[in-house]
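J.: Show me the folded form of this:
(one chain, ligands or ions: 1)
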Amino acid sequence: MRVRYGGSGTPEELAVNDILRYRMYCEDYGQEQEGMRLYAALTRDARRCLACPAPCEARCPVGVPIRARMLGADAMLRFPARARPRSPGAATGS
Ligand code: SF4
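T.: Numbers count the residues shown, from 1 in each chain. Model (predicted):
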């Protein structure tokens, strides 16, 4: 996590703001490929959150469940099959 709202950095030094923005591209704007492309270019992805006790959450002033959001972003952006279907045939498997 790159802490931008005070405190020192955490061991993993992930680009939380960027990763959650890429998730937003996919989840909210229907820009799955752009989100996945940007996520794939990162040198450190959100899988590192799996083994982390999430000190970031204690620092978040609005109580965002950052670890869960990051792991959800990883599942959404790293595995295309888990992304929300966009093509008409994708939902039916055709
Ligand atoms: S859970 Fe939080 S502190 Fe831990 S690696 Fe993920 S973003 Fe960084």
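J.: make it CA atoms for all contacts and neighbour counts henceforth
T.: Fine.
J.: What residues does this structure have near the ligand?
T.: When proximity is defined as C-alpha under 6 Å from any ligand atom, the chain approaches the ligand at 1, 10, 12, 14, 16, 48-49, 52, 54-56, 66-67.
J.: in stretch 27-46, what's buried?
T.: Buried positions in stretch 27-46, judged by neighbour count with 16 or more other C-alpha atoms under 10 Å: Glu27, Glu32, Gly35, Met36, Tyr39, Asp45, Ala46.
J.: Same list (the residues you listed) but as TSV, adding pLDDT and secondary structure.
T.: Shown next, in TSV, are the buried residues of stretch 27-46 (pLDDT from 0 to 100; DSSP: H, G, I helix; E, B strand; the rest coil):
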residue	pLDDT	secondary structure
Glu27	95	helix
Glu32	93	helix
Gly35	96	helix
Met36	95	helix
Tyr39	96	helix
Asp45	93	coil
Ala46	95	helix
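J.: between those, which is closest to the ligand?
T.: Set against the ligand, the nearest of these by C-alpha to the nearest ligand atom is Ala46 (6.3 Å).
J.: Surely that closest one touches Leu71?
T.: Yes: using C-alpha atoms under 8 Å, Ala46 is in contact with Leu71, at 6.0 Å.
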